[in-house]
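Enquirer: no sequence on this one, just coordinates:
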């Protein structure tokens with residue numbers, strides 16, 4: 001019998017090693033039990049096709065369901081411990097192969113908390129210490145109580161900002177506990193509307209993955225090419241036997257069903273991700289909470305917002321909907337930026353951007369276009385490459401391939417020419433702004449003092465034709481302009497470097 005230790009209510013020694021909450025064993029058991037379902041089904045199916053005793057199969061299934069998950073969860077909890085030292089936070093885990101990792105407080109860019117469906121039932125959270133390395137060097141602690149997660153978040157910020165430990169308690173409410181002032185929320189109707197615009201066919205990928213996992217249960221081999229060829233020929237003959245009108249209505253119904261499935265998939269995905277979306281303005285920055293089954297709670301200090309980016313779609317733009325993201329040193333899951341307004345009007349986005357200290361471009365801002373020579377050269381390159389490839393294909397006796405290659409070259413060349421209209425840049429109020437896209441523009445705005453480097457690149461053709469590429473180093477992101485006239489690129493780089501050199505970065509908040 002496993003006796004659970006009492007849940008700690010007070011912290012005697014802040015720098016002593018501690019274990020995660022004992023209830024995390026239950027969450028781990030449920031998680032491992034979910035992973036054991038597929039092996040148990042495969043074992044049962046395999047045993048049914050062979051001369052294996054029912055008792056052996058039953059014993060193996062009971063072992064995989066009722067013994068291994070609780071035992072594994074207990075060992076994982078027992079051999080996981082963490083410590084908050086004076087200079088770093090250290091986490092040790094592993095049963096047979098021990099792993100000990102420590103991250104200095106000064107390297108931690110942000111501390112986020114997330115809740116899965118099962119951890120929320122027990123009041124537990126997963127704490128993630130983000131280092132700004134795109135997730136490669138992040139440290140995760142699963143699972144602790146919410147008050148303990150908030151204590152770790154506040155402690156890391158105190159140690160990182162050289163604030164005496166405990167200074168934020170008592171007289172001043174902690175940043176994690178502070179609700180702040182809500183500046184953007186998404187009610188359920190807006191979340192559902194956002195899902196309608198988020199057309200997605202990911203459901204087909206999910207179904208394919210399920211079929212791939214349970215292919216042994218199918219009455220035929222899904223990887224057998226002959227089966228699919230026979231099915232296509234049978235259905236093709238049936239469709240050809242129908243009249244033209246029936247074929248038209250059948251195709252129309254198929255397209256409508258595909259659109260409805262894509263909309264339903266987008267609504268489901270958006271509902272799971274953005275349910276209960278709320279962005280608060282706190283004393284030191286922003287706090288974002290969202291999620292239906294897995295809920296995340298992220299706090300972003302205002303001085304760590306390096307840039308902002310707005311996006312939209314062709315149809316979204318017609319209805320006035322856009323999205324806003326903060327580019328920061330920390331990551332947002334698989335993304336490099338934090339989404340702070342996934343479905344908002346421009347006036348709502350303007351308010352959030354102003355709170356971040358990076359306002360949106362003014363209406364009368366002077367946008368500068370790139371050099372048309374850059375896009376003409378790109379089109380000429382694709383035409384030349386397609387011509388050479390077509391000549392080679394003709395020489396090899398493949399005339400149809402040559403025609404296809406020429407068509408592809410013409411398409412790529414035609415797609416290159418509108419780039420002159422799609423890409424623009426501007427400078428205003430100490431900020432540099434880039435815009436890409438014509439019907440669905442993507443705009444990134446970064447204060448020049450947040451840029452870390454300015455790199456000018458020119459190949460032999462670019463030097464001859466008088467244009468260059470300018471790349472700015474931005475913490476947590478990248479801001480690049482291709483095809484700028486050489487004189488304009490040099491002047492822009494000099495202006496940015498002059499503004500960077502005038503800043504004493506030792507005085508900026510870390």
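Expert: Good, I have the coordinates. Source: prediction; values computed, not measured.
Enquirer: The residue nearest to residue 140 when sequence neighbours are not counted: neighbour count?
Expert: Of all residues beyond its chain neighbours, the one nearest residue 140 is residue 128 (5.1 Å), with distances taken as Cβ to Cβ, 6 or more residues apart in numbering. Every C-beta, even on glycine, is put in place using the N, C-alpha and C of the backbone. By other Cβ atoms under 10 Å, the residues close to residue 128 number 22.
Enquirer: wait, what's in contact with residue 128?
Expert: By Cβ atoms under 8 Å, 6 or more residues apart in numbering, the contact set of residue 128 is 111-114, 138-141.
Enquirer: Relative to the host helix or strand of it, what are the paired strands and their orientations?
Expert: Here residue 128, judged by DSSP states H and E, is contained in strand 124-130. In the sheet, strand 124-130 lines up against strand 110-115 (antiparallel), strand 139-145 (antiparallel) (DSSP bridges).
Enquirer: wait, which of those is closest to residue 490?
Expert: Across the strands paired with strand 124-130, residue 490 has its closest neighbour in strand 110-115 (36.4 Å, Cβ to Cβ).
Enquirer: Could you pull up the residues touching residue 262?
Expert: Listed by Cβ under 8 Å, 6+ apart, the contact set of residue 262 reads 199-201.
Enquirer: where along the stretch 251-400 of the chain do the strands fall?
Expert: Using DSSP state E, counting those that start in this stretch, the strands of the stretch 251-400 of the chain run over residues 278-281, 285-290, 295-301, 305-311, 322-332, 335-344, 368-369.
Enquirer: Figure out which of the ones you listed is closest to residue 148.
Expert: Nearest to residue 148, of all the strands of the stretch 251-400 of the chain, is strand 295-301, at 13.6 Å by Cβ to Cβ.
Enquirer: Could you give the average pLDDT over that closest one?
Expert: Mean pLDDT, strand 295-301: 86.
Enquirer: what's the span of stretch 131-147 from first residue to last?
Expert: Taking Cα to Cα, to the nearest Å, stretch 131-147 runs 22 Å from one end to the other.
Enquirer: Among the contacts of residue 128, which one lies nearest to residue 394?
Expert: residue 138 (53.8 Å).
Enquirer: Contact partners for the closest one?
Expert: Contacts of residue 138 by Cβ under 8 Å, 6+ apart are 128-131, 331.
Enquirer: Confirm for me that residue 317 is in contact with residue 437.
Expert: No: look at residue 317 against residue 437 with Cβ atoms under 8 Å: they stay out of range, at 9.7 Å.
Enquirer: so where is this protein shaky, pLDDT-wise?
Expert: Within the chain, the ranges that satisfy pLDDT under 70 run 1-15, 38-58, 132-137, 161-179, 213-222, 329-337, 503-510.
Enquirer: Could you list the domains of it?
Expert: 18-177, 196-273, 368-510 (automatic domain parsing).
Enquirer: can you list those domains in a markdown table and add distance to residue 188?
Expert: Shown next, in a markdown table, are those (distance: least, Cβ to Cβ, whole Å):
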| stretch | distance to residue 188 |
| --- | --- |
| domain 18-177 | 19 |
| domain 196-273 | 8 |
| domain 368-510 | 26 |
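Enquirer: Closest one to residue 193 out of the contacts of residue 128, please.
Expert: The closest of these, once distances to residue 193 are taken by Cβ to Cβ, is residue 114, at 25.5 Å.
Enquirer: Against residue 267, how distant is that closest one?
Expert: Separation of residue 114 from residue 267 (Cβ to Cβ, to the nearest Å) stands at 23 Å.
Enquirer: re the thing from before, can I get the contacts of residue 262 in JSON lines including distance to residue 148?
Expert: Listed next are these as JSON lines, based on distance: Cβ to Cβ, whole Å:
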{"residue": "199", "distance to residue 148": "41"}
{"residue": "200", "distance to residue 148": "37"}
{"residue": "201", "distance to residue 148": "41"}
